[in-house]
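**Student:** Fold the stuff below for me.
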Amino acid sequence: MFRLGLALLCLLAGPVSAAERLVPAGAGALKTAVVGADPGDVLILAPGRHDGPVHLDRPLSLRGQPGAVIDGGGQGSVITVTAPDVTVTGLEITGSGSSHEGIDSGIRLLKGGDRARVEGNRLLGNLVGVDIHGAADATVRGNVIVGRDGARMNTRGNGIYVWMAPGLLVEGNDISLGRDGIFVNVSDRNVFRNNVMRNLRFAIHYMYAHNSEVTGNISIGNHLGYALMYSHHLTVTDNLSLRDRDHGLMLNYVNNAEVARNLVRGGTGKCTFIYNAHRNVIHDNRFEGCGIGIHFTAGSEKNTLTGNAFVGNRTQVKHVGTRSVEWSHAGRGNFWSDHPAYDLNGDGIADATFRPNDLMDHILWSQPAAALLVGSPAVQLIRWSQASFPATLPGGVRDSHPLMSPVAIPVPDDAARLETAVPNWPQGESFDADTLAGH
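**Tutor:** I've put the predicted structure just below:
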């Protein structure tokens, strides 16, 4: 019985040969150390340049001392992982190749690389920072990822590229330059949390990825903040989009999502774009200082909007349609900065229904040339008539219980400083729904 217990204890303790091994900087030293390592070994990389690329085909840990750099020399991916339970931490990783077909990356986690941990690294100037391609239950946390600059943005690589990586956690990374900060395609049960993304095309670009969470992220000065597409049952909460150019948040063929407590402010385009998205609950968000606060189109139906704040947008809502749509729930509507509201009983709910669009808005959207007549007496008479006789208003958005005060969403000081440094975007440039729908 004693011998059986001792045997079990040895098994639980792991491989008896596991050890920490110091790897000096120098030509070929890292590859030699990897080939000679036993499963479970920890390879501690000394300061200096270590030659890549390297392939981790057994459970190992690579741990960098301050100043340790792995340089791939411009060939393929710098580190490729095909074994489970690998850890890569504390390293500077640079010098990947430039093949989009091969997805040349700083780190590639391929099928078999389950439960990998990529933490606290600096990935600089690689085509793709970290590629998770078939590895399950991986963690990518606390890394600084700086992509490439100079070429056309659409031809650069992504900071983090995700494909078929269920159970992935991407948390606390700082991602800048390159194409998209996080690009996700066909991957379920993922969590993307507390990442900061700057100087990119899209902060998060998300397709065919269900039952996942996008929460606490910060997008600053990107062309588009959160492009969530062709996915269902998402939780999209507590994110910030600060001075993103075209859209802060886009739901394109997204169904059954909760979108809550997000702040979008200061872009030149649309705070939020809802395109053929259904049965979503959109509540307690703040959409501020955009050309359009929220644009609904392409038959988006059965969405619940309540508790949101529409503050200082040039057009609060663009919703083209003849059907009346109620934007309140359980007696609680939204806040509208252009609503001349009053609240006689002091319950926080305005006493008058608010309709953000009138007949002239619908005419202007369908016939842009009519904008020349906006200041004419005839148009002013039509708008006065609709304001005085609400029964003449067309179908569209109606908020029967508008709020008297807006939701407040704080911005961390560091993010606010980065927001103020974003230059003014040129007018007239934007992505449109047709372009994105096939992307």
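**Student:** average pLDDT across stretch 237-255?
**Tutor:** Stretch 237-255 shows a mean pLDDT of 96.
**Student:** Show me what the helix or strand hosting His50 is packed against.
**Tutor:** In the assignment (DSSP states H and E), His50 maps to strand 48-51. Helices and strands touching strand 48-51, as assessed by 3 or more C-beta pairs under 8 Å, 6 or more residues apart in numbering; DSSP states H and E, comprise helix 29-36, strand 68-71. Yep, even glycine has a C-beta here, placed from its N, CA and C like the rest.
**Student:** try 10 Å this time
**Tutor:** If you count contacts as 3 or more C-beta pairs under 10 Å, 6 or more residues apart in numbering; DSSP states H and E, strand 48-51 packs onto helix 29-36, strand 68-71, strand 92-94.
**Student:** Report the strands that pair with the second one, each with its relative direction.
**Tutor:** Just to be clear, that refers to strand 68-71. Paired strands of strand 68-71, with direction, are strand 48-51 (parallel), strand 92-94 (parallel) (DSSP bridges).
**Student:** tell me the helices in the stretch 1-150 of the chain, going along the chain?
**Tutor:** 2-13, 29-36 (DSSP state H, counting those that start in this stretch).
**Student:** sorry, that was for the stretch 301-439 of the chain
**Tutor:** Listed in chain order, the helices of the stretch 301-439 of the chain (DSSP H, counting those that start in this stretch) span 359-366, 377-388, 413-420, 433-437.
**Student:** returning to what we had before: only alpha carbons, please: show the strand holding His50 as CSV.
**Tutor:** What follows is strand 48-51, C-alpha atoms only, in CSV (Å, rounded to 0.1, in the frame of the first residue of the first chain):
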residue,chain,number,x,y,z
GLY,A,48,21.2,39.3,-25.6
ARG,A,49,20.2,38.0,-29.0
HIS,A,50,19.0,34.4,-29.4
ASP,A,51,18.6,33.0,-32.9
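**Student:** re earlier: looking at the strands paired with strand 68-71, which is nearest to Arg179?
**Tutor:** Among these, the nearest to Arg179 by C-beta to C-beta is strand 92-94 (18.0 Å).
**Student:** Go through the helices and strands packed on strand 48-51 and pick out the most buried.
**Tutor:** Neighbour counts (mean count of other C-beta atoms under 10 Å) averaged over each of the helices and strands packed on strand 48-51 peak at strand 92-94, with a mean of 24.
**Student:** what residues does it touch?
**Tutor:** Residues outside strand 92-94 that contact it (C-beta atoms under 10 Å, 6 or more residues apart in numbering) are 45, 49-50, 52, 62, 64, 66-74, 77-79, 105-107, 118, 121-126, 129-130, 143-146.
**Student:** With distance to Ser212 and mean pLDDT added, can I get the helices and strands packed on strand 48-51 in TSV?
**Tutor:** What follows is the helices and strands packed on strand 48-51, written out as TSV (distance: least, C-beta to C-beta, whole Å; pLDDT from 0 to 100):
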stretch	distance to Ser212	mean pLDDT
helix 29-36	33	95
strand 68-71	31	98
strand 92-94	26	98
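**Student:** what's the closest of these to Val86?
**Tutor:** Using C-beta to C-beta, the helices and strands packed on strand 48-51 put helix 29-36 closest to Val86, at 10.9 Å.
**Student:** Check which helices and strands the closest one sits against.
**Tutor:** So helix 29-36, by 3+ C-beta pairs under 10 Å, 6+ apart, packs with strand 20-23, strand 42-45, strand 48-51, strand 54-56, strand 61-64.
**Student:** which other helices and strands contact the first one?
**Tutor:** Strand 20-23 makes packing contacts with helix 29-36, strand 42-45, strand 61-64 when contacts are defined by 3+ C-beta pairs under 10 Å, 6+ apart.
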